[in-house]
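> Would you be able to build a 3D model of this:
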Amino acid sequence: MKKSTILFIQGGGEGAYEADHKLVLNLQQALQKTCEIVYPKMPGENDPNYERWKTAFDKELDKIEGKVILVGHSVGSFLLLKYLFETKIDKDLVGMFFIATPFVGDGGWQFEDMALTEASFSKPLSAPVFFYHSTDDNVVPYAHLERYEKKLPHATIRKIIGRGHQLNNNLSEVVQDINEQLQKQP
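A predicted model of the protein is given here:
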């Protein structure tokens, strides 16, 4: 059986690629029998730019054959979500897993021309959607998760207690959900 491919999108800010590498290693250790992980360094991590990252998403997805699992962290998670609402992906998606995702727009962070519109939220996504957020995240407030919960009522919401922005580099809930989604695959 061919392994599924996880495309993991890092967060933004200085040192984000290195910091998120610990999350990738956690996934790799837990899922090495069923998944391969692709972890590209995003362009300009200190100043994430949607158009540059979108180009990188396109490039990475073009390389992947077979079943795809999308995982994003922090700003990378938001940019990946924006991409998924705006781009039709011709891939066999197993699931989409968003960790510590900032909400950009009313009730969240304000970035010119970046907010998802109400129309975005009404578009169906092509695979199950999961959100994970720690109650004590000091980078992206927990209230951002609550905004996604209201906007995407069909998403699975995982409230993590007291593990910070990096979830203590422990993605056990994500691993469990990925395994459950893989078991549902034909």
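> what are the bridge partners for the residue nearest the centre of the chain, then?
The residue lying closest to the centre of the chain (CA atoms, centre = their mean) is residue 72, at 2.3 Å. Beta-bridge pairing for residue 72 (DSSP bridges): residue 9, residue 98.
> which residues does it contact?
8-9, 78-81, 97-99, 101 (CB atoms under 8 Å, 6 or more residues apart in numbering). The C-beta positions use only the backbone N, C-alpha and C, and glycine is treated the same way.
> any chance of these in JSON lines, plus neighbour count?
Below are the contacts of residue 72 laid out as JSON lines (neighbours: other CB atoms under 10 Å):
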{"residue": "8", "neighbour count": "24"}
{"residue": "9", "neighbour count": "29"}
{"residue": "78", "neighbour count": "30"}
{"residue": "79", "neighbour count": "27"}
{"residue": "80", "neighbour count": "24"}
{"residue": "81", "neighbour count": "26"}
{"residue": "97", "neighbour count": "30"}
{"residue": "98", "neighbour count": "27"}
{"residue": "99", "neighbour count": "30"}
{"residue": "101", "neighbour count": "26"}
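> If you count neighbours, what's buried in the longest helix along the chain?
Across the chain, the longest stretch assigned as helix under DSSP state H is helix 16-31. By 16 or more other CB atoms under 10 Å, the buried positions in helix 16-31 come out as 16-17, 19-21, 23-24, 26-28, 30-31.
> out of the residues you listed, which one sits closest to residue 131?
residue 23 (15.3 Å; CB to CB).
> now that closest one: how far from residue 16?
Separation of residue 23 from residue 16 (CB to CB, to the nearest Å): 11 Å.
> Same question for residue 133.
17 Å.
> ok now the lowest-mean-pLDDT helix or strand in the chain, how far from the chain's centre?
Lowest on mean pLDDT, DSSP states H and E among the helices and strands of the chain sits helix 118-122, with a mean of 84. When distances are taken as CA atoms, centre = their mean, to the nearest Å, helix 118-122 is centred 18 Å away from the chain's centroid.
> residues making contact with the following helix or strand past that helix?
Using DSSP states H and E, the next helix or strand after helix 118-122 towards the C-terminus is strand 129-134. Contacts with strand 129-134, where a contact means CB under 8 Å, 6+ apart, come from 95-101, 140, 142, 144-145, 148-149, 152, 154-165, 167, 171, 173-174, 177.
> In strands, which of those fall?
Assigned to strands by DSSP state E, the following of the contacts of strand 129-134 qualify: 95-99, 156-160.
> picking that back up, let me have the contacts of residue 72 in CSV, extended by pLDDT and distance to residue 118.
Output for these, formatted as CSV (pLDDT from 0 to 100; distance: CB to CB, whole Å):
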residue, pLDDT, distance to residue 118
8, 98, 29
9, 98, 24
78, 96, 17
79, 96, 19
80, 97, 20
81, 96, 15
97, 98, 24
98, 98, 19
99, 98, 24
101, 97, 18
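> Need those residues in a markdown table (columns: distance to residue 49).
As requested, these are arranged in a markdown table below (distance: CB to CB, whole Å):
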| residue | distance to residue 49 |
| --- | --- |
| 8 | 19 |
| 9 | 14 |
| 78 | 13 |
| 79 | 9 |
| 80 | 14 |
| 81 | 16 |
| 97 | 23 |
| 98 | 19 |
| 99 | 21 |
| 101 | 18 |
